[in-house]
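Undergrad: structure, please.
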Amino acid sequence: MSSSEPAALWDLPETPPAPKAAPSRARKPPKPGAKTKGAQKPAPERPVARIVVDIPLAHLDRTFDYLVPEKLHETAVPGCRVRVRFAGQLVDGYLIERGETSDYGSKLAFLDRVTSPEPVLPPSLHAVCRAVADRYGGTLSDVLRLAIPPRHAKAEGEPPTAPAAAPGEPDTTAWARYQRGPAFLEALGEGKPANAVWQALPSEDWPRRLAEAAGVVAAAGRGAVLVVPDHRDLTRVHEACAAVVGEDAVVALIAGLGPAERYRRWLAVLRGAVRVVVGTRATMFAPVHDPGLFVVWDDGDDLHLDQHAPYPHVRDVLMDRAHAAKASLLVGGFARTAEAQLLVESGWAAPVLADRTVLRAAAPRVTPVGEDFDVARDEAARVARLPAVAFEAARQAFAAGHPALVQVPRRGYVPGLACGNCRTPAHCRRCAGPLALPGGSVDGQPKPPACRWCGVPETAFRCTACGSVRLRAVIVGAKRTAEELGRAFPGIPVRTSGAAEVLSSVPGKPALVVCTPGAEPVAEGGYGAALLLDGWALLGRQDLRAGEETLRRWMAAAALVRPGSSGGRVIVGAEAGLAVVQALVRWDPAWHAGQELAERRELGFPPAMRMASVEGSPDAVAGLLADLPLPPSGEVLGPVPLGEIDDEGNASRERALVRVARSEGKALSSAIHAAAARRDAKKATEPIRIQLDPLDLI
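TA: Numbering: from 1, shown residues only. All right, here's what the predicted structure looks like:
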């Protein structure tokens, strides 16, 4: 075993225990040149194995050299799982490569055993995992846990499945409705790398469109990886792909599968039995052979961010894979994120949009009604607290024989502060972070608002939009229960879709479907109307992505409504003058994404800048920041307390943000990794959470 660190992983006794008394007849030392009984011989060829040990410590994030014994020469293949003795204990690892010599100056230890000769870590997957670890300042072992599922011996021992036959060319005439759509599919068929940001039309059968793009790639003999946010989308995309390329040529990967079935399907991808892979977040590492297309649908959904270290995002991982494999990337959705807009403005990806004439024919009619609804005189509408126009739109949908969708924001958003006049979110003058009330008092007076990023108090607030000095709390919207809506529309069945039970589809009959954002079921034939209630509960959240996320959720619901020419209507509970509402009315998320990106450039927010979040105890955060060399553009915001504060004004946990220019993002990742390595080498006991490019900056 080679290592540049003199300290072992675990503390070992400084002085070995005293040896036992020697037996009466001492054993003679072997003669020079004599063979020692039981001694292992190194492999005749390439005896040195470079191993990645499964230990999530930053200062051990490298390969270690071991000798391959002669008996394991045939099974110790690059990419296989092995067991080695490391710091006195047996640990798991992966054999990266084998060589003839080692740079380590001392005697090498032998591999203990080969757990499985299956090469589960091919060179392409190893390169992707290494790039992801470097991008997010994490360790390779953490990424490998996300990329490779746990081994199941029985599934591994089953005979491999025969590769599926190449499908025929699918019908792609529906893509002709989009500018650059046919050109993008032509590039896929010819094997040319082409990156695109696709804005799907309302009422579009987007699973079928994605399946057609994957079918073009599969017909050319290459692979495709399609990643969607949740299992409902996965079911739809998998069924569409099976209809286009055949059931044998597509496999669905999802964390909910049992260990045996999950590993069996993953092996089918690794061994090249299938060409098309669909799944949720973990599928971003699927080792498909000769990939030609990577797809992420609805990249703004927070389900695409992995909650395990080093917290990679699906979009960024697929970007790296597409670049390394010279394949194509398709970022699709009804809305557009600022990150996708950056890809378009930088020229790395081309927009795939429909003509405005086609868009107007497919989009529903959107009507904003403001925050304070004028309650209808009808007693049923008054009970349900619906505006008259929303009540009328729902009745028209029922009269036409269609269901109506009611979207109610989730509860539990953290209230923040906004302008008391125009309700523009209140920001810090120093770092543009969100303002909030810290609580408590000083000399009998309430503490003034303070920034939740840098902690600087704001004693003289003035709104940047209207100049008002008044502040108000952003209140979470009241719940609209199914019972209230049932009283407002007697005789109409009410169905709910949310955390307890998420519906995948509903029949195309008159009904009220009440759901939370992200749980909207698909209606047969489309909804006749959609009522998007309590817009300020979404727009008033203290979140960098509040406007972007609100538009994404509204458009996802509105896209399920029938076109305006067929009577489809969307009633949105927000002021018409807001940029988010205007983007929904005109169905122009690209315009809104461009505005968002411009504002973030001006304020120094991601994705124009790169940020790192350091969270832990006050001592741990201060220690890491003191040992963190910042790039020239580096700036530390905070730290600020998290959670409750004791009587002495101290917090048990704090968080600091480190902000650098986007061009220095790689330097920030390297500095974060090096600081974490030094901290681990010192055997720091206090846990700390380090995350690059976090979605939640509040």
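Undergrad: switch to C-alpha atoms for all contacts and neighbour counts from now on
TA: Noted.
Undergrad: quick one: distance of the helix or strand residue 678 falls within to the chain centre.
TA: Per DSSP states H and E: residue 678 is located in helix 665-681. Mean-position distance between helix 665-681 and its chain equals 22 Å (CA atoms, centre = their mean, to the nearest Å).
Undergrad: now swap in stretch 508-516 and tell me
TA: With CA atoms, centre = their mean, you get 30 Å for stretch 508-516.
Undergrad: contacts for it next, please.
TA: 397-399, 401-410, 482, 485, 492-498, 523-527 (CA atoms under 8 Å, 6 or more residues apart in numbering).
Undergrad: could you do stretch 493-503 as well?
TA: In contact with stretch 493-503 (CA under 8 Å, 6+ apart) are residues 482, 485-486, 510-516, 519-521.
Undergrad: so which residues of the stretch 301-450 of the chain form strands?
TA: Taking DSSP state E, counting those that start in this stretch as the test, the strands found in the stretch 301-450 of the chain are 328-333, 350-354, 365-368, 404-407, 417-419, 435-436, 441-442, 445-446, 450-451.
Undergrad: right, and these - which one's nearest residue 170?
TA: Ranking the strands of the stretch 301-450 of the chain by distance to residue 170, with CA to CA as the measure, places strand 328-333 first at 17.9 Å.
Undergrad: so which of the strands of the stretch 301-450 of the chain gets nearest residue 237?
TA: Nearest to residue 237 among those is strand 328-333 (13.1 Å), distances taken as CA to CA.
Undergrad: partners of the closest one in the sheet?
TA: Sheet partners assigned to strand 328-333 using DSSP bridges are listed as strand 196-199 (parallel), strand 291-297 (parallel).
Undergrad: and that strand, how far out from the chain middle?
TA: 15 Å.
Undergrad: tell me the pLDDT at the residue lying closest to residue 344 once chain neighbours are set aside?
TA: Of all residues not flanking residue 344 in the chain, residue 350 sits nearest, at 5.7 Å (CA to CA, 6 or more residues apart in numbering). Predicted confidence (pLDDT) for residue 350: 96.
Undergrad: how about residue 350, what does it touch?
TA: Counting by CA under 8 Å, 6+ apart, residue 350 has contacts 195, 196, 197, 344.
Undergrad: by neighbours, which of these wins?
TA: Most neighbours among those, by other CA atoms under 10 Å: residue 195, with 28 neighbours.
Undergrad: could the contacts of residue 350 go into TSV alongside pLDDT and distance to residue 469?
TA: Shown next, in TSV, are the contacts of residue 350 (pLDDT from 0 to 100; distance: CA to CA, whole Å):
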residue	pLDDT	distance to residue 469
195	96	47
196	97	45
197	97	41
344	96	38
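Undergrad: just those residues now: which is nearest residue 274?
TA: Distances from residue 274 to these, taken by CA to CA, are shortest for residue 195, at 23.3 Å.
Undergrad: wait, that closest one sits on residue 326?
TA: No. Judged on CA atoms under 8 Å, residue 195 makes no contact with residue 326 at a distance of 10.3 Å.
Undergrad: about what we covered before: ok, what's across the strand from the residue nearest to residue 344?
TA: residue 196.
Undergrad: how close does it sit to residue 590?
TA: Counting by CA to CA, to the nearest Å, the gap between residue 350 and residue 590 amounts to 12 Å.
Undergrad: circling back: what's the most buried one of the strands of the stretch 301-450 of the chain?
TA: With neighbours defined as mean count of other CA atoms under 10 Å, the strands of the stretch 301-450 of the chain peak in mean count at strand 404-407, which reaches a mean of 28.
Undergrad: how about that one as PDB, C-alpha atoms only?
TA: Provided in PDB are the C-alpha atoms of strand 404-407 (Å, rounded to 0.1, in the frame of the first residue of the first chain):
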ATOM      1  CA  ALA A 404     -61.100  21.500 -13.400                       C
ATOM      2  CA  LEU A 405     -57.700  21.600 -11.700                       C
ATOM      3  CA  VAL A 406     -57.200  23.600  -8.500                       C
ATOM      4  CA  GLN A 407     -53.600  24.100  -7.500                       C
END
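Undergrad: distance check, residue 199 against residue 205.
TA: 12 Å.
Undergrad: helices and strands of this structure: which one has the lowest mean pLDDT?
TA: helix 379-384 (a mean of 40; mean pLDDT, DSSP states H and E).
Undergrad: okay, now the unreliable bits of this structure?
TA: Filtered on pLDDT under 70, the chain yields the residue ranges 1-38, 370-386, 410-416, 439-444, 473-484, 499-500, 542, 643-649, 698.
Undergrad: how does it look with 50?
TA: 1-30, 32-34, 371-385, 411-415, 475-481 (pLDDT under 50).
Undergrad: pick out the residue closest to the middle of it.
TA: With distances taken as CA atoms, centre = their mean, residue 305 lies nearest the centre of the chain, 2.0 Å away.
Undergrad: OK, contacts around the closest residue to it other than its chain neighbours?
TA: Nearest residue to residue 305 in three dimensions, chain neighbours excluded: residue 313, at 4.5 Å (CA to CA, 6+ apart). Residue 313 makes contact with 304, 305, 306, according to CA under 8 Å, 6+ apart.
Undergrad: the second one is in contact with residue 317, isn't it?
TA: In this case it means residue 305. No. Under the criterion of CA under 8 Å, residue 305 makes no contact with residue 317, lying 10.5 Å away.
Undergrad: residue 659 versus the nearest residue to residue 220 once chain neighbours are set aside, what's the distance?
TA: Spatial nearest neighbour of residue 220, excluding adjacent residues (CA to CA, 6+ apart): residue 189 at 6.0 Å. Distance, residue 189 to residue 659, by CA to CA: 41 Å.
Undergrad: separation between the residue nearest to residue 344 and residue 359?
TA: Applying CA to CA to residue 350 and residue 359 gives a distance of 19 Å.
Undergrad: ditto for residue 697
TA: Where residue 359 is concerned, residue 697 sits at a distance of 35 Å (CA to CA).
Undergrad: pretty sure residue 597 is touching residue 338, no?
TA: Yes. The criterion here is CA under 8 Å, and residue 597 meets it with residue 338 at 5.4 Å.
Undergrad: overlap in contacts of the two?
TA: By CA under 8 Å, 6+ apart, the residues touching both residue 597 and residue 338 are residue 607.
Undergrad: closest one to residue 231 out of the contacts of residue 350, please.
TA: residue 197 (22.8 Å).
Undergrad: could you check how far that closest one is from residue 222?
TA: Residue 197 is 21 Å from residue 222, by CA to CA.
Undergrad: repeat that for residue 427.
TA: Residue 427 is 49 Å from residue 222, by CA to CA.
Undergrad: same deal with residue 329?
TA: 14 Å.
Undergrad: got it, and residue 358?
TA: 32 Å.
Undergrad: ok, those two, which is more surrounded?
TA: Ranked by neighbour count (other CA under 10 Å), residue 358 and residue 222 place residue 222 first, with 23 against 12.
Undergrad: correct me if wrong: that one contacts residue 290.
TA: Yes. Counting by CA under 8 Å, residue 290 is a contact partner of residue 222 at 5.4 Å.
Undergrad: rewinding a little: please flag which of the contacts of stretch 493-503 sit within strands.
TA: When DSSP state E defines the strands, the subset of the contacts of stretch 493-503 inside them is 512, 513, 514, 515.
Undergrad: partner residues bridging the third one?
TA: Here residue 514 sits in beta bridges with residue 406, residue 496, going by DSSP bridges.
Undergrad: related to what we said a few turns ago, closest one of the contacts of residue 313 to residue 253?
TA: residue 304 (14.6 Å).
Undergrad: ok, how many other residues are close to the residue nearest to residue 220?
TA: Residue 189 has 21 nearby residues by other CA under 10 Å.
Undergrad: gap between it and residue 170?
TA: Counting by CA to CA, the gap from residue 189 to residue 170 is 11 Å.
Undergrad: give the residues shared as contacts by the two.
TA: Going by CA under 8 Å, 6+ apart, residues that sit against residue 189 and also against residue 170 are residue 216.
Undergrad: ok so, going back, closest one of the contacts of stretch 493-503 to residue 283?
TA: Among the contacts of stretch 493-503, and counting by CA to CA, the member closest to residue 283 is residue 519, at 21.8 Å.
Undergrad: all set, thanks.
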